[in-house]
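1. Model the structure of this input:
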Amino acid sequence: MKVRLLLILCLCSLLTTAQNTSVIDSLLNELPNAKNDTIRARIYIRLHNNLYQHNPEKALMYANKGLKIVTKMNWHKGLSVFNNDIGNSYLGQGKHKEALEYYLKSLEFSKDLPSLRANTLQNTSIVYFQEENIPLATKYNNEAFQLAKKENNITCIADCYNNYGLIFKHAKDLKKANAYFLKSLAIWKQQGDLTKQAVILTHLGDIAEDLKVKIAYYNKSKAIWDQENPSYLLAVSNIFGLVEANISLAKDVDLLKKTEIIKTKKQLLEEAESYLQKAIYYSKESNVQQNLMYSYGKMSEVKELQGNYKAALDYINLNYEIYVSIFSQENKNKIAAIETKEKLAKKDKEIAIKKLTLLQNERQKWYLVGGILLLGIIGFLLFIQNRNRKKSNEKLQKLNSELDAANKAKTRFFSILNHDLRSPVSNLIDFLHLQKDSPDLLDDATKNRIENTTLTSAENLLSSMEDILEWSKSQMENFKPQPKLIELNTLFQDTQNHFSSEESLKIVFQNPSNIQITTDENYLKTIIRNLTGNAIKALNQVQNPTLIWKAWEENNQTFLSITDNGPGGTHEQFKALYDETEVVGIQSGLGLHLIRDLAKAIDCKIDVDSRPNQGTTFTLSFKKPKTV
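-> Below you'll find the model as predicted:
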């Protein structure tokens, strides 16, 4: 089956009406009387077209003579025609490489000959299809089809439809293949080309899934071939389709009943034998060994099904003899030697030239290698020197950075001690002095109130010391915050307790949504206390001092803010909150350093909005962690 399909593909674009010997003799008689090279070239192309199906070697001889004439004339149309037709000859012999070479040469001369170019593009598509290079086959067929449509080249359009059918058949898209074959058949019917109609009918039979429909297409094709030229190569190929169908029915009784063909197994095999006898006769007459080999193989299968095993053996031996004669290694070597002889001579010349060039380049190569090695050594030494210097600089920079960081940490630590511990300790000392030196000034109620206040201050002092220790731990290497889910109401309650001794101050906490936040509890607690403490100091001289802590969520973020009604401040007063390089003394800006460092550690952003005589608002913002 595969041999038959390859034969159909090989010849589907090469159809011409069979010519008898008298036509060829007539053309040969015209040659001596040709008045000019143009007429001689046209005679040669007609000789080629009448011979290449039956005598491809002689056809190529005439085509090459004509090609020499048009090359000498530099006649682009003639060059395109001859290269295309020589490509057709090689394609008919299954020599795809040579066919493609001549088709591509033809395309070089057909840029101004659109109709001829479309035919050559379509032929090139066939070569790539037979090589199973479907992308290139499709590409060239698309180009041929577009050009044929533009030029209204009806016959080329029909051939392109046929090619599309074969491409979709290869892709096993039989529905599309069938549609394109039918389009091609419609054009050939309109053009009255019976031979091309017979080819398309064979293709339709090949892709028909229903065996009854398949046989109907083959019979329609056979009817045309019997009328036009029953010995034609494609006519023989169509016969093979009928033979295969008969054998399939003879082998499968259920399939025979399904197709409703009223024939016995014996009748089917006798009909297949009759077809094969004709195929053998026509193959011998045209000397097409591939067809003859295939006929013998199928005849052996028929004889075996008939029970004539001796005849089956005889036919299979004939099949094998032809196979050996066609595909023997000796013949392959002879063909390869002929085809590569000229290429080898050309290669020998190229090798000789390359040897001379290599000898001249060898010396230059060693000079270059020596120069490159020297540059490489110098570059390597410079690299080592630069790397050592860089390492030394990095060590010095690291030591300087560590020293600077240590100094800053020390300054911050002592500043925080002064900021957070001095006031509570001072209050405690004042109370103790008052109790010691002037106990008479204190009545019982006042004494109890001051004792309670002092006790609360002492407890707050202890809590502040714990917070300061937490911050100092954050300055240690590899120390990290420990985030967890905490209730903001808990932190607000802690802050209220911490500053409960501030009787003249009103602190409001607003958290209507009972917001929770994931962060380090100690870090955030210290930030809130320091912001509250700083705000209290700012409200020292303000009437009706008020602080408002708020908590809310917005745009996938959690916000905390503290607002006071104090005197406000300038940007410079809050610079330490953003600038790590800001140097401060012991008496000012201390809590901002602590807030800044702790906020950075827990990925908290702090914004300040302060206006003179309008108060100050600090806003803390936290991004919500992504949920998986």
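
2. Convert the C-alpha atoms of stretch 305-318 to CSV, please.
-> Extracted as CSV, the C-alpha positions of stretch 305-318 are listed here (Å, rounded to 0.1, in the frame of the first residue of the first chain):
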residue,chain,number,x,y,z
LEU,A,305,-5.9,-17.1,-0.3
GLN,A,306,-7.0,-19.4,-3.3
GLY,A,307,-5.1,-22.3,-1.8
ASN,A,308,-2.6,-22.4,-4.6
TYR,A,309,0.5,-22.3,-2.5
LYS,A,310,3.0,-23.3,-5.2
ALA,A,311,1.9,-20.4,-7.4
ALA,A,312,2.0,-18.1,-4.3
LEU,A,313,5.6,-19.1,-3.8
ASP,A,314,6.5,-18.6,-7.4
TYR,A,315,5.1,-15.0,-7.4
ILE,A,316,6.8,-14.1,-4.1
ASN,A,317,10.1,-15.3,-5.6
LEU,A,318,9.5,-13.0,-8.6
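
3. what does it rub up against?
-> 247, 250-251, 265-266, 269, 273, 296-297, 299-301, 303-304 (C-beta atoms under 8 Å, 6 or more residues apart in numbering). C-beta: built from backbone N, CA, C; applies to glycine.

4. if you set the cut-off to 10 Å instead, what comes out?
-> For stretch 305-318, contacts defined as C-beta atoms under 10 Å, 6 or more residues apart in numbering pick out 246-247, 250-251, 265-266, 268-270, 272-273, 276, 280, 292-293, 295-304.

5. which parts of it are buried?
-> Residues of stretch 305-318 classed as buried by neighbour count (16 or more other C-beta atoms under 10 Å): 305-306, 312, 315-316, 318.

6. With stretch 254-273 instead?
-> For stretch 254-273, a neighbour-count test (16+ other C-beta under 10 Å) marks 256, 259, 261, 265, 268-273 as buried.

7. tell me the centre residue of the chain?
-> The residue lying closest to the centre of the chain (C-alpha atoms, centre = their mean) is Pro135, at 17.6 Å.

8. Next, it: phi, psi?
-> Reported as degrees, to the nearest 10, the phi and psi values for Pro135 are phi -60, psi -40.

9. those strands in this protein, which residues are they?
-> 484-487, 506-510, 516-519, 546-554, 557-564, 605-611, 615-623 (DSSP state E).

10. Any idea which of these gets closest to Asn540?
-> When the strands of the chain are compared by C-beta to C-beta, strand 557-564 sits nearest Asn540, at 11.1 Å.

11. Pull up the pairing partners for that closest one, direction included.
-> strand 546-554 (antiparallel), strand 615-623 (antiparallel) (DSSP bridges).

12. Pull the distance from the first one to the chain's centre.
-> In terms of C-alpha atoms, centre = their mean, to the nearest Å, the gap separating the centre of strand 546-554 from the centre of its chain is 53 Å.

13. Next, the buried residues of it.
-> Result for strand 546-554 [16+ other C-beta under 10 Å]: buried residues 546-551.

14. With pLDDT and distance to Leu147 added, can I get these in CSV?
-> Putting the buried residues of strand 546-554 into CSV (pLDDT from 0 to 100; distance: C-beta to C-beta, whole Å) gives the following:
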residue, pLDDT, distance to Leu147
Thr546, 91, 89
Leu547, 93, 87
Ile548, 94, 83
Trp549, 95, 82
Lys550, 95, 77
Ala551, 94, 76
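
15. which ones among the contacts of stretch 305-318 are found in helices?
-> When DSSP state H is applied, those are split such that 246-247, 250-251, 265-266, 268-270, 272-273, 276, 280, 292-293, 295-304 fall in helices.

16. Measure how buried Gln364 is and give me the count.
-> Close neighbours of Gln364, defined as other C-beta atoms under 10 Å, add up to 9.

17. neighbours of the residue nearest to Asp112 when sequence neighbours are not counted, just the number please.
-> Once flanking residues are discounted, Asp112 sits nearest to His76: 7.3 Å by C-beta to C-beta, 6 or more residues apart in numbering. Look at His76: counted by other C-beta under 10 Å, it has 15 neighbours.

18. right, and His76 touches Glu108 too?
-> Yes. At 9.0 Å, His76 counts as touching Glu108 under the criterion of C-beta atoms under 10 Å.

19. Pull the number of nearby residues for Thr619.
-> So Thr619, with other C-beta under 10 Å, has 15 neighbours.

20. Mind jotting down where the helices sit in the stretch 51-200 of the chain?
-> With DSSP state H, counting those that start in this stretch as the criterion, the stretch 51-200 of the chain has helices at 56-73, 76-92, 96-109, 114-130, 134-151, 154-170, 174-191, 194-207.

21. Go ahead and measure how far stretch 51-66 is from the middle of the chain.
-> Relative to the chain's own centre, stretch 51-66 is displaced by 48 Å; criterion: C-alpha atoms, centre = their mean.

22. go on, stretch 207-215?
-> 41 Å.

23. Could you check it and say which residues are buried?
-> By 16+ other C-beta under 10 Å, the buried positions in stretch 207-215 come out as 207-208, 211, 214-215.

24. average pLDDT across that stretch?
-> Mean per-residue pLDDT for stretch 207-215: 87.

25. can you dump the C-alpha coordinates of that stretch into PDB?
-> What follows is stretch 207-215, C-alpha atoms only, in PDB (Å, rounded to 0.1, in the frame of the first residue of the first chain):
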ATOM      1  CA  ILE A 207      -9.400   8.100   2.100                       C
ATOM      2  CA  ALA A 208     -12.900   6.700   2.000                       C
ATOM      3  CA  GLU A 209     -13.600   4.800   5.300                       C
ATOM      4  CA  ASP A 210     -16.600   2.900   3.900                       C
ATOM      5  CA  LEU A 211     -15.300   0.100   1.700                       C
ATOM      6  CA  LYS A 212     -18.300   0.200  -0.600                       C
ATOM      7  CA  VAL A 213     -17.700   4.000  -1.200                       C
ATOM      8  CA  LYS A 214     -14.000   3.300  -1.700                       C
ATOM      9  CA  ILE A 215     -14.600   0.700  -4.400                       C
END
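
26. Pull the most distant pair out of the buried residues of stretch 254-273.
-> Pairwise distances across those peak at 20.0 Å for Thr259 and Glu273 (criterion: C-beta to C-beta).

27. ok, back up a step: show me what contacts the residue nearest to Asp112?
-> By C-beta under 10 Å, 6+ apart, the contact set of His76 is 70, 108-113.

28. Report the two of the residues you listed separated the most.
-> Farthest pair in these, by C-beta to C-beta: Val70 and Lys111, 16.4 Å.

29. and these two? which has more neighbours close in?
-> Shown here are Val70 and Lys111; by other C-beta under 10 Å, Val70 has more neighbours (25 against 10).

30. hmm, back to that, what's the closest of the buried residues of stretch 207-215 to Arg529?
-> Nearest to Arg529 among the buried residues of stretch 207-215 is Ile207, at 87.6 Å by C-beta to C-beta.

31. which residue packs closest to that closest one, ignoring adjacent ones?
-> Distances taken as C-beta to C-beta, 6+ apart place Leu174 nearest to Ile207, at 5.0 Å, with adjacent residues excluded.

32. now Phe499
-> Per C-beta to C-beta, 6+ apart, closest to Phe499 is Thr532, 6.0 Å.

33. Double-check that neighbour against Thr563; I have them as touching.
-> No. Using C-beta under 10 Å, Thr532 is not in contact with Thr563, being 11.5 Å away.
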